[in-house]
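*Asks:* fold the following, please.
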Amino acid sequence: MSYPEKKSTLSHSHNQSHNADAIAGPSNDESPPKIFKLNIDCFDEIFEYLNVKDLHSFGQTCKRMNKVAGEYFKQNYSSAENFCEEDGIHTVYSDTDDANMRILTSGFNKLMPRISTDYYRSLDELKTGPLKYIKSHISEFESINHIYLWDLYIFNETVEHFKPLFPQLEILQHRNCSMDGDFYDLILKHCKNLREIYVQDSQVGDRINGKHNWLLQEYPKLERLELIPRETHQRRNEELRNFFVRNPNVQRFSTIYKCLWYNADTFLNSNAKLDIFEVKRFYTERWPSSYYKQTLELLNRLHEQGFYKRLYIYVNRVDEENSILFASLKSFELLCIDWFDKSYNLAQLTNLRELIILDVSDVKDMEILANGLTKLERLYIDWAKIDDIMPFIC
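*Replies:* You can find the predicted model right below:
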């Protein structure tokens, strides 16, 4: 999951050549337009007032402006979703009414760090739409390091359209997809520079000799794996033990509550030494309370044996009972809550460094929570009111 990032100004003290290019005029003998005499800081100020649509329009005025505006786009909208459609790349942004919109931004293809594929109703529509565009413009995507495959049926012909981009990828996200063939053979073996792999609610290809081949491979640069199996595939996963043996460089692993429960022995017998262990979809009301308590005990055992240093947990909501139990967790540093209507005893989580609340009701005791979470470094509240955040500011 990603959250809004604060816009940063273009800082080029380390890149004087870019500064020179940004302020230099045309190379012919004609007098350059006065706007080319502005330095990069002035352009930063101008761009702060523009939304994505206007920034893109600004960048289409000439090649030099495309480079300057494109650099700003790359630095400040690197986490934005850029969907590939039939007519080009469309960036998602919020207008003044906070409604998500998509605007054509194909003029920034060379500086775009991430592209996504959206759901398409039929294979023919996919092949004549976004895949056709990607294939015909593949040479333009010089800066792409993140591909997000969303709700697709992936087979060899699909992969061929993306394959030229695979060697430069650092992040591969695979959500709600089905695959005809082996995940490793189709995609992963062509991606030699992957740092992060996300497999979210997806079918990850055929099993070879009863095993998922991709979990038995070595990924020399891989630092993060997120494995969220589909509901129908949540079972014991013996390949995970081999994965951690072959990839000791992985520092962050994310999975869901059910996967943790079914693979408890695998994790306890693993030699993995993670920096961050994330447990998502911690929906406690779907399991007996005894399972819930045993899971928390399991997490503490994993910490004691060095499986992880820091623990992140994502829950749908928190009641009084489980908020007390959370206080017993060791190195528990991040809590994400889908629905928040009362702080209960969360103030006891004195080691918490990040608190994320995606939906907040009319909570009255935020001041108690703020006073207790003295180590909090980051607070994210979706749809927050000033009364919700003022206690933390104070």
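
*Asks:* I figured Lys135 hits Val159, correct?
*Replies:* No. In this structure, Lys135 is not within contact of Val159 by CB atoms under 8 Å, at 11.6 Å. C-beta: built from backbone N, CA, C; applies to glycine.

*Asks:* higher neighbour count, these two?
*Replies:* Val159 (17 against 13; other CB atoms under 10 Å).

*Asks:* hmm, who's touching stretch 333-351?
*Replies:* 1, 310-320, 323-324, 326-327, 331-332, 352-363, 365-366, 368-369, 371-375 (CB atoms under 8 Å, 6 or more residues apart in numbering).

*Asks:* from those residues, list just the buried residues.
*Replies:* Using 16 or more other CB atoms under 10 Å as the burial test, those include 310-316, 318, 323, 326-327, 332, 352-358, 360, 363, 366, 369, 372-373 as buried.

*Asks:* and the lengthiest helix in the chain, what does it pack onto?
*Replies:* In the chain, taking DSSP state H as the definition, the longest helix is helix 289-304. Contacts defined by 3 or more CB pairs under 8 Å, 6 or more residues apart in numbering; DSSP states H and E place helix 289-304 against helix 257-262, helix 264-268, strand 274-280, strand 308-315, helix 320-326.

*Asks:* mind putting the ones you listed into CSV with distance to Asn39?
*Replies:* Shown next, in CSV, are these (distance: least, CB to CB, whole Å):
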stretch, distance to Asn39
helix 257-262, 52
helix 264-268, 54
strand 274-280, 40
strand 308-315, 42
helix 320-326, 51
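
*Asks:* the ones you listed into CSV, with extra columns for mean pLDDT?
*Replies:* Shown next, in CSV, are the helices and strands packed on helix 289-304 (pLDDT from 0 to 100):
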stretch, mean pLDDT
helix 257-262, 89
helix 264-268, 93
strand 274-280, 97
strand 308-315, 96
helix 320-326, 82
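
*Asks:* separation between Trp383 and Ile357?
*Replies:* According to CB to CB, to the nearest Å, Trp383 stands 9 Å off from Ile357.

*Asks:* same deal with Tyr148?
*Replies:* In terms of CB to CB, Tyr148 sits 25 Å off from Ile357.

*Asks:* and what of Thr158?
*Replies:* For Thr158, the distance to Ile357 - CB to CB - is 38 Å.

*Asks:* helix or strand right after the lowest-mean-pLDDT helix or strand in the chain?
*Replies:* Least confident helix or strand of the chain, by mean pLDDT, DSSP states H and E, is helix 16-23 with a mean of 44. Going down the chain from helix 16-23, the next helix or strand is helix 40-48, by DSSP states H and E.

*Asks:* what packs against that next one?
*Replies:* Using 3+ CB pairs under 8 Å, 6+ apart, helix 40-48 is in contact with helix 16-23, helix 52-59, helix 63-76.

*Asks:* let's see it at 6 Å
*Replies:* Helix 40-48 sits against no helix or strand, with contacts defined as 3 or more CB pairs under 6 Å, 6 or more residues apart in numbering; DSSP states H and E.
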